[in-house]
Structure formats: structure tokens, C-alpha cells
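[1] Okay, predicted coordinates and the sequence, questions at the end:
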Amino acid sequence: MSTSSSAIAVLLYCCLAVTSARQCYHGEGSFSSSGPCQTNVNWCGKQIFPDGSEFRACDDPNTCPTQGERCTNLNDGSTLCCCDSDLCNGANMSAQSIILTVVALVGSLSSLVYLRS
């Protein structure tokens, strides 16, 4: 194999390794960023604390594989949710739907007030 062929093969392997890494949301609150996890991590996690705050991250390799794809109440009063697909640890659909509904309602009411004046 020539040197250039070897270099191309290594480059392709690196690209595949990066794109095949699990993608999870990272950070606190609902405005998290997304990014790849380490190569040995296949789970995303979201922890919801008693005060309603949330933390999202790639899972520790020893927690979610044991727990499975579900939410569990922890001793400190928080809830840990594990999932095993890309970007699965975002806001749940009901929260997104509520936010969208409120925004649409406020926009509609604002339009009605504007049209009446």
C-alpha cells in the first residue's frame, strides 16, 4: 500500500470514529450544547434535581448500562434518566409543546390587542 493510500485510509478511519461517537446534550438547564461522547460511552444522561434544574451529559460508562433506558429516582431526591440514542437527553416533547403553545398563545393575543386598538 502506498504512503498516500495509507494516509487516506487513516483519515477515513478517524472520520468514521468521530461520526460514530454517541452524540449527547451537555450542560445545565434547557440551553445545552450538543457534542460527541468519548468512544467508550454509548449512553446519554439527564439528571433532574428537586428544584427543577437539569444537568445533561454523556453517561459515566458504569451507570446507565446497569440502569437501562429509563428514569430512576435517586436517594438525593433527583431523577436520573438514561437513553441510548443520539441527542436523546434533550427536553422532553411535552415541555417543548407547552413552550410552543404558550408562545403561539401570546402571539395570538398580542395580535388581537393590536387589531382592536
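    Alright, I've got the coordinates.

[2] where exactly do the helices run in this structure?
    Here the chain has its helices, by DSSP state H, at 3-19, 64-67, 93-116.

[3] In terms of mean pLDDT, which of those helices ranks lowest?
    Taking the average pLDDT of each of those, the minimum falls on helix 3-19, with a mean of 44.

[4] Would you confirm that S32 contacts C44?
    No. Look at S32 against C44 with Cβ atoms under 8 Å: they stay out of range, at 10.7 Å. No exception for glycine: its C-beta is placed from N, CA and C like everyone else's.

[5] Report the separation between T79 and G27.
    18 Å (Cβ to Cβ, to the nearest Å).

[6] should've said W43
    Plainly put, W43 is 17 Å away from G27 if you go by Cβ to Cβ.

[7] How about D84?
    Computed with Cβ to Cβ, the distance linking D84 and G27 is 20 Å.

[8] Kindly report the same for V106.
    Distance from V106 to G27, by Cβ to Cβ: 27 Å.

[9] Phi, psi for N75 please.
    phi -60, psi -30 (degrees, to the nearest 10).

[10] scratch that, C37 is what I was asking about
    Backbone torsions of C37, given as degrees, to the nearest 10, read phi -90, psi 170.

[11] Verify the stated contact: it with Y25.
    No. Contact criterion Cβ under 8 Å: C37 and Y25 do not qualify, at 10.8 Å.

[12] could you dump stretch 53-68 to PDB, C-alpha only?
    What follows is stretch 53-68, C-alpha atoms only, in PDB (Å, rounded to 0.1, in the frame of the first residue of the first chain):
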ATOM      1  CA  SER A  53     -32.900  22.400  37.500                       C
ATOM      2  CA  GLU A  54     -31.400  19.900  35.000                       C
ATOM      3  CA  PHE A  55     -28.000  18.700  34.000                       C
ATOM      4  CA  ARG A  56     -27.200  16.800  30.700                       C
ATOM      5  CA  ALA A  57     -24.100  14.900  29.800                       C
ATOM      6  CA  CYS A  58     -22.600  11.800  28.300                       C
ATOM      7  CA  ASP A  59     -23.000   9.000  30.800                       C
ATOM      8  CA  ASP A  60     -20.400   7.500  33.000                       C
ATOM      9  CA  PRO A  61     -19.800   4.100  31.400                       C
ATOM     10  CA  ASN A  62     -20.800   2.300  34.700                       C
ATOM     11  CA  THR A  63     -24.200   4.000  35.400                       C
ATOM     12  CA  CYS A  64     -26.700   3.800  32.500                       C
ATOM     13  CA  PRO A  65     -25.700   0.300  31.200                       C
ATOM     14  CA  THR A  66     -26.800  -1.000  34.600                       C
ATOM     15  CA  GLN A  67     -29.900   1.100  34.900                       C
ATOM     16  CA  GLY A  68     -31.100   0.700  31.300                       C
END
